[in-house]
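Novice: got a predicted structure plus its sequence, pasted below:
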Amino acid sequence: MTIFEYLSVATSIVFSLAIVRLLNGSPYFTARSKRYWIHSAWVSAIAIGIPLVWWNMWAYRQIEDWVFPEFALLLLTPVTLYYVVSTLVPDAPANIESWRAYFFQVRLRLCFAMIFLFVCFAMNAVLLLRAPLFHPLRAVEGASIVLLLTGAFSEDPRVHGFLISVFVCILAAVIAFFFLSPGGFATS
């Protein structure tokens, strides 16, 4: 077993926990009577994002000499994704009366967790994969952070509808241009 295989077990476990939490909450946030499209769109985007980030973990196989701080930095991404999922899907989703009200209650926490996630993406790419600081994905991450800051300080549903629509487009573009193959970022 290589060290990459050994370390990827830990990240895979955290990714799996996030997916299980999403799946366990799905009967509640998809219930027609309570569903809120912006919340559902965020959940869907994150549900696509988790395997996408896992898919990109293949790029880290190139690192041969791991030290604990590097592993801790790598582990921040799945841990932050799990936190995002736990923000979108609380411990007792059956108790949520309105997913719309819930979304606006947690929007600040969600937006700042997502900002931290994009910071993790950038740090991992630059510090671990030695990607250029001015790679096109840094512009995507920067723009995403600006959009998330807007969402953090807005309670307007139109703003949040626009934001999640833009994020879905960004997600589709990132998949198409950078992540069609495992670890595609490392080769783009």
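Specialist: Happy to help now that I have it. Numbering: from 1, shown residues only.
Novice: nearest residue to S8 in space, please, no chain neighbours.
Specialist: M57 (6.1 Å; C-beta to C-beta, 6 or more residues apart in numbering). Placement of C-beta: from N, CA and C, glycine included.
Novice: quick one: contacts for E64?
Specialist: Under the criterion of C-beta atoms under 8 Å, 6 or more residues apart in numbering, the neighbours of E64 are I3.
Novice: and it, how far is that from A45?
Specialist: Per C-beta to C-beta, to the nearest Å, E64 is found 34 Å from A45.
Novice: following the top helix by length along the chain, which helix or strand shows up next?
Specialist: Selection of the longest helix in the chain by residue count, based on DSSP state H, yields helix 3-29. As assigned by DSSP states H and E, the chain's next helix or strand after helix 3-29 is helix 37-56.
Novice: and the angle from that next one to helix 3-29?
Specialist: Interaxial angle of helix 37-56 relative to helix 3-29 (axes from the mean of the first three to the mean of the last three C-alpha atoms, to 10 degrees): 160 degrees.
Novice: what residues does helix 37-56 touch?
Specialist: Residues from elsewhere that reach helix 37-56 (C-beta under 8 Å, 6+ apart): 11-12, 15, 18-19, 22, 25-26, 29-30, 77-78, 81, 84-85, 88-89, 99-100, 102-103, 110, 157, 160-161, 164-165, 167-168, 171, 174-175, 179, 182-185.
Novice: out of those residues, name the ones that lie in helices.
Specialist: Secondary structure of the contacts of helix 37-56 is defined by DSSP H; positions in helices are 11-12, 15, 18-19, 22, 25-26, 29, 77-78, 81, 84-85, 88, 99-100, 102-103, 110, 157, 160-161, 164-165, 167-168, 171, 174-175, 184-185.
Novice: put the buried members of these into a PyMOL selection.
Specialist: Here the buried members of the ones in helices among the contacts of helix 37-56 are turned into a PyMOL selection, burial being counted by 16 or more other C-beta atoms under 10 Å:
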select buried, resi 11+15+18+19+22+25+29+77+78+81+84+85+88+99+100+102+103+110+160+164+167+171+174+184+185
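Novice: so where's this protein shaky on pLDDT?
Specialist: Within the chain, the set of residues satisfying pLDDT under 70 comprises 183-188.
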